[in-house]
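S.K.: Fold the following and give me the result.
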Amino acid sequence: MKKILIISYYWPPAGGSGVQRWLKFVKYFRKFGYEPIVYTPENPEYMAQDPGLLSEIPSGTTIIRKKILEPYNLYKILTGKRGESIKPGFIAREAKGGKGKFTEKLSLFIRSNVFIPDPKCFWIRPSIRFLNRYLAENPVDAIISTGPPHSMHMIAKAVAKRRNIRWIADFRDPWTKMYTFKYMNNTFLTTLLHKRMERNVVRSADAVVVVTNLMRDEFLELGPKRIEVITNGYDASDFEHLREEVEEKFTITYTGLFVKDRNPSVLWKILGEMVRDIPGFRESLAIRIIGHTDSSVWQEISSNTLDNSLINMDYMPHNEVVKWQQRARVLLLAGGQEPEAKGILTGKFFEYLAARRPILSFGPIGGDMDVALRECEAGAMFDYSDYAGARGWIEKQYELYKKGEIYIPSGKIENYSREGLCRRMSSLLDEII
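M.R.: This next block holds a predicted model:
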């Protein structure tokens, strides 16, 4: 059986979609003739933890953990946030809003122009030294790095060159084309450095893997030797034993991180007006939000007199989240509002597909997520300002609810199974090795 080294910052007990992609690949690799070895930090900064994911790591998998120096500890001291976890989205929020404290703005400037390509950069050199020694005694057939954080690619690039090993660079998100990049307060020289590092990684890797078609088109401009689209997906085994009954109320459920710039204000306005205008709708409606949520979402829900319909549930383990997804009448998905968001397909989208519930999505029309929604006949995408379209769709779902019915998506959902995607990744490894 061939061996592959996977370099990933995110790994159980971390929770969230950044963990799911490579945990699931590791889960299925042995079926296709590959023995995975995972290299990951011993003491990382995680937003949330899900210890239940540890049980999904195949028995006997080699996990190598090495300590990492986290600059976020300094950030927390400067801003008086000792003991708190760093929430994703805080960088873009502070920079875009321009209302942060001086210490937060200073921290952002330092983070953007000192820690390059990201705050995990102090792990690069120690990891290169360690892995060169490790691989001299424990050879592998290929290396895979997954980012962000893109420091993982810098480690893999150096080690693959030194050891003459084939290397796949996996991008779960863009690098300089990521929508938050323009808010990072980079200097001109820092921006040039990022672009140079990105280009070197893309050109040096034996293959680049991206998760959307738009990302493929963007990275093609950088001249990769080979590039493949292997999306995120859903694991059928997470759902095969679930037979959750749909909730009695007309429940609209959102799961996962809910940040300020993905707050669908038009939805709360629509629901508030339907509560006011449609007899019985107030008693039927439930809005279930599960996960870390920006305060702006609560404020808008409240300002539209929807407090009595709100069920606020904090972050919970993945195996519990999928149950609530299957119980929902409608699943709410909120993509980015930036032009760059056209190329983003969130991991949550695929879990929503597996739940087989209609998806109400807000985001860029014509983007990768819009195309996939239509391909899977799983719901509808609306612009964040499309009041008429979104209201009409919600009213149709509510009419089905009153008849005791629910729309069950039936399109090409199986194309996104984790096992099938692992087969594709393994085929790519077969070819480059």
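S.K.: any low-confidence regions in this protein?
M.R.: 72-107 (pLDDT under 70).
S.K.: what about the longest strand in it?
M.R.: Taking DSSP state E as the criterion, the chain has its longest strand at strand 34-41.
S.K.: Just the residues contacting that strand, thanks.
M.R.: 1-11, 22, 25-26, 29-30, 61-68, 120, 123, 127, 131, 138, 140, 426, 429 (Cβ atoms under 8 Å, 6 or more residues apart in numbering). For every residue, glycine as well, the C-beta is placed using N, CA and C.
S.K.: what does stretch 396-414 give?
M.R.: By Cβ under 8 Å, 6+ apart, stretch 396-414 touches 246, 250, 274, 278, 281, 284, 329-330, 353-354, 356-360, 375-379, 420.
S.K.: Please repeat the previous calculation with a cut-off of 10 Å.
M.R.: Contacts with stretch 396-414, where a contact means Cβ atoms under 10 Å, 6 or more residues apart in numbering, come from 233-234, 236, 246, 248-252, 274, 278, 280-281, 284-285, 328-330, 350, 352-360, 372-380, 420.
S.K.: Mind listing what's buried along it?
M.R.: Q397, Y398, Y401, I406, Y407, P409, I413 (16 or more other Cβ atoms under 10 Å).
S.K.: Tell me which of the contacts of strand 34-41 fall in helices.
M.R.: W22, F25, V26, S127, L131, S426, L429 (DSSP state H).
S.K.: Just the buried residues of the contacts of strand 34-41.
M.R.: Counted by 16+ other Cβ under 10 Å, the contacts of strand 34-41 give 4-11, 22, 25-26, 29-30, 64, 68, 120, 123, 127, 131, 140, 426, 429 as buried.
S.K.: hmm, back to that, what two of the ones in helices among the contacts of strand 34-41 are the furthest from one another?
M.R.: Greatest spatial distance among those (Cβ to Cβ): S127 and S426, at 25.1 Å.
S.K.: Show me what the longest strand of the chain pairs with in its sheet, parallel or antiparallel.
M.R.: strand 2-7 (parallel), strand 62-66 (parallel) (DSSP bridges).
S.K.: if we look at the shortest one, which residues are touching it?
M.R.: Looking back up the chat, that one is strand 62-66. 3, 5-7, 11-12, 26, 35-44, 54, 57, 123, 126-127, 130-131, 134, 138.
S.K.: Convert that strand to CSV, retaining C-alpha atoms only.
M.R.: C-alpha atoms of strand 62-66 as CSV (Å, rounded to 0.1, in the frame of the first residue of the first chain):
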residue,chain,number,x,y,z
THR,A,62,-0.4,7.7,12.1
ILE,A,63,-0.9,11.2,13.4
ILE,A,64,2.2,13.3,14.0
ARG,A,65,1.7,16.4,16.2
LYS,A,66,4.3,19.0,16.7
